[in-house]
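A.B. asks: Provide a 3D model corresponding to the input given below.
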Amino acid sequence: MDSLSDEPKRVPNPTGRVYLVGAGPGDPDLLTLRAHELLRAADLVLYDNLASPEVLEHASPSAQRRYVGKKRAQHACTQAEINGLMVAAAREGKVVVRLKGGDPYVFGRGGEEALGLARAGIPFEVVPGVTSALGAAAYAGMPLTHRDHTQAVTLVTGHDVDQIDWPSLAGRQTLVVFMGLTSVPAIAKRLIGGGMPPDTPAAAIRWVTRGDQRVVTASIADLPMAIRREGLRPPALVVIGDIVGLREDIDWFDKLPLRGKSVVVTRAASQAASFCGALRRLGARVIPIPAIAFERPSSWAPADAAIDGLERYDWAIFTSVNGVNHFLERLDASPRDLRHLPKRIAAIGSATADRLRELHLKVELVPDQFVAEALAEAFLERDMRGSRVLLPRAEEARSVLPEQLAAMGAEIDVVPVYRTVVPEASRQLAERAWSADPVPDWVTLTSSSTARMLAQMVPLDRLKRSKLASIGPVTSAAVRELGLPIAVEAQRFTTDGLAEALCIAVTGAIR
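C.D. replies: Next up is the predicted model:
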């Protein structure tokens with residue numbers, strides 16, 4: 001056994017500690033609250049091949065992340081090396097999260113790691129995760145302990161077929177085989193030879209709980225052929241028993257409207273989590289490719305001058321949550337605070353208004369449609385002559401609102417508080433996504449900026465192979481200017497409205 005059993009016990013640095021954390025079976029929304037808390041506190045995250053990339057995003061930006069995964073023929077580190085990394089980091093006083101797919105103690109070698117840490121005198125904690133067996137039961141419609149079908153469940157590894165007495169398991173009511181997909185022909189032969197009826201229902205499930213989950217069902221005798229026919233590859237779980245037959249009645253996951261569809265989310269990483277989660281709950285395989293990131297403007301001078309003279313303004317207009325956040329960051333860096341903001345505040349979009357209300361600010365004007373034109377039209381009902389208006393927003397933005405307010409007689413100070421850039425890391429993500437076969441089914445575009453910057457990362461002829469979904473007419477216009485077609489446009493100009501439009505399009509309710 002790879003372990004640290006030969007090392008003498010040492011007194012660790014009292015601040016160093018290791019956490020063996022289950023990352024769950026694939027769906028990042030199944031991460032536990034404790035796991036999330038520890039990722040935020042980690043100095044070092046050692047993660048496996050099956051740990052979802054979205055789960056890693058919960059780690060602190062300052063945390064070091066190191067891949068130590070092991071596939072069947074590719075090991076980034078040996079088990080002894082992983083144990084050594086944990087011990088060394090803990091002795092340096094670091095908080096170490098050993099992030100493991102599923103549950104650490106269910107065929108995750110967490111027991112070996114815990115023993116190694118204990119023998120080295122390193123304090124540790126084990127945080128359970130949703131094991132893939134439970135994930136398969138829930139997301140593939142196979143309740144492991146349905147009382148009419150099974151009173152016993154056996155979890156077994158198929159990694160080394162010769163190490164298991166398969167004939168003795170042939171009479172078990174439900175078998176769940178981990179890491180055994182490539183060994184299914186030998187396993188099936190031995191189970192049937194041990195007395196298992198050849199027509200016993202069985203299933204192989206790949207990428208359990210993820211949007212690209214695939215399920216192949218057949219009798220145990222026919223499962224090897226079905227796996228070959230469908231081209232199923234690891235990682236996959238095998239479930240054998242009568243409970244597999246319940247799938248037809250209670251499989252809720254396959255009935256979700258976006259099931260089987262891959263959807264690219266181009267929102268900035270800092271804003272994409274809720275939208276990604278909503279799409280996953282609709283059954284989509286979500287591919288986060290942030291098309292934009294936010295940086296400080298080219299100059300803070302206009303913002304600083306506006307903040308220094310806030311008493312001059314009658315109105316402050318915020319056009320996005322980003323505008324609110326970046327303006328307030330600069331405000332916080334000044335001698336002034338929220339008490340100096342203009343008494344009248346307008347906002348474009350419910351999210352922007354909600355962000356302002358979180359700060360206990362009253363929002364006087366929010367148009368029904370979340371576009372600049374609608375806000376300008378709403379101001380037509382007010383006498384804006386001589387009004388001073390503060391407009392904090394992106395460095396590059398449309399001129400519609402300031403031009404129309406100026407035509408009403410208002411004096412407008414357009415103040416850049418951030419600028420958008422293309423995240424360098426996203427270029428590789430985009431290249432990988434559109435080099436794959438098939439390419440993503442859908443691309444969601446939530447602003448003109450995301451559309452233009454995505455077009456900088458992906459050649460237009462490749463983008464045309466995916467369907468484009470726009471959050472509203474302004475974004476759609478920018479997409480069409482690029483020479484790209486819009487497959488669907490949201491009727492409500494929010495991410496919820498965009499998700500709704502996608503569902504309608506995919507289920508065939510609109511053309």
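A.B. asks: and Val18, helix, strand or coil?
C.D. replies: Here Val18 is strand, with the state taken from DSSP: H, G, I helix; E, B strand; the rest coil.
A.B. asks: so where's the protein shaky on pLDDT?
C.D. replies: 1-15, 71-75, 509-511 (pLDDT under 70).
A.B. asks: domains of the protein?
C.D. replies: Split into domains by automatic domain parsing, the chain comes to 17-130, 134-252, 262-292+422-506, 295-420.
A.B. asks: would CSV of those with mean neighbour count be doable?
C.D. replies: Backbone N, C-alpha and C define where each C-beta goes, glycine included. Output for these, formatted as CSV (neighbours: other CB atoms under 10 Å):
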stretch, mean neighbour count
domain 17-130, 20
domain 134-252, 18
domain 262-292+422-506, 19
domain 295-420, 17
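A.B. asks: all strands of the stretch 101-250 of the chain, in order?
C.D. replies: 124-127, 153-157, 174-178, 201-206, 214-219, 236-241 (DSSP state E, counting those that start in this stretch).
A.B. asks: closest one to Phe253 among those?
C.D. replies: strand 214-219 (9.1 Å; CB to CB).
A.B. asks: mind listing what Pro257 touches?
C.D. replies: 282-283, 503, 506-507 (CB atoms under 8 Å, 6 or more residues apart in numbering).
A.B. asks: how about the strands of the stretch 101-250 of the chain, which one is nearest Leu482?
C.D. replies: Closest to Leu482 of the strands of the stretch 101-250 of the chain is strand 214-219 (CB to CB; 34.3 Å).
A.B. asks: What strands flank that closest one, and is each parallel or antiparallel?
C.D. replies: strand 201-206 (antiparallel) (DSSP bridges).
A.B. asks: Just want the angle from the partner strand to strand 236-241.
C.D. replies: Here the directions of strand 201-206 and strand 236-241 differ by 160 degrees (axes from the mean of the first three to the mean of the last three CA atoms, to 10 degrees).
A.B. asks: what's the angle from strand 201-206 to strand 174-178?
C.D. replies: Using the same axes, to 10 degrees: strand 201-206 against strand 174-178 is 30 degrees.
A.B. asks: Figure out how far strand 201-206 is from the centre of its chain.
C.D. replies: Offset of strand 201-206 from its chain centre (CA atoms, centre = their mean, to the nearest Å): 26 Å.
A.B. asks: who touches stretch 454-469?
C.D. replies: With CB under 8 Å, 6+ apart as the criterion, stretch 454-469 contacts 264, 266, 289, 291, 422, 426-427, 430-431, 434, 439-445, 479, 482-490, 498, 501-502, 505.
A.B. asks: what's the offset of it from the middle of its chain?
C.D. replies: Computed by CA atoms, centre = their mean, the separation of stretch 454-469 from the middle of its chain amounts to 21 Å.
A.B. asks: pull the CA atoms of that stretch into PDB?
C.D. replies: Taking Å, rounded to 0.1, in the frame of the first residue of the first chain, the C-alpha atoms of stretch 454-469 are listed here in PDB:
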ATOM      1  CA  LEU A 454     -16.600  36.100 -28.500                       C
ATOM      2  CA  ALA A 455     -16.200  36.900 -32.200                       C
ATOM      3  CA  GLN A 456     -12.600  37.900 -31.500                       C
ATOM      4  CA  MET A 457     -12.000  34.500 -30.000                       C
ATOM      5  CA  VAL A 458     -13.900  32.200 -32.400                       C
ATOM      6  CA  PRO A 459     -13.800  32.500 -36.200                       C
ATOM      7  CA  LEU A 460     -17.300  33.500 -37.500                       C
ATOM      8  CA  ASP A 461     -17.500  30.400 -39.700                       C
ATOM      9  CA  ARG A 462     -17.200  28.200 -36.600                       C
ATOM     10  CA  LEU A 463     -19.600  30.300 -34.600                       C
ATOM     11  CA  LYS A 464     -22.200  29.800 -37.300                       C
ATOM     12  CA  ARG A 465     -22.200  26.100 -36.600                       C
ATOM     13  CA  SER A 466     -23.800  26.800 -33.200                       C
ATOM     14  CA  LYS A 467     -27.200  28.400 -32.600                       C
ATOM     15  CA  LEU A 468     -27.100  31.900 -31.100                       C
ATOM     16  CA  ALA A 469     -29.500  33.000 -28.400                       C
END
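A.B. asks: returning to what we had before: just the closest of the contacts of Pro257 to Glu113, please.
C.D. replies: Distances from Glu113 to those, taken by CB to CB, are shortest for Gly283, at 34.5 Å.
A.B. asks: ok, now how distant is that closest one from Tyr139?
C.D. replies: 10 Å (CB to CB, to the nearest Å).
A.B. asks: Give the residues shared as contacts by the two.
C.D. replies: By CB under 8 Å, 6+ apart, the residues touching both Gly283 and Tyr139 are Phe253.
A.B. asks: contacting residues around Asp43?
C.D. replies: Asp43 touches 62-64, 89, 94-96, counting by CB under 8 Å, 6+ apart.
A.B. asks: swap the cut-off to 10 Å and go again
C.D. replies: By CB atoms under 10 Å, 6 or more residues apart in numbering, the residues touching Asp43 are 16, 59-60, 62-64, 89-90, 92-97.
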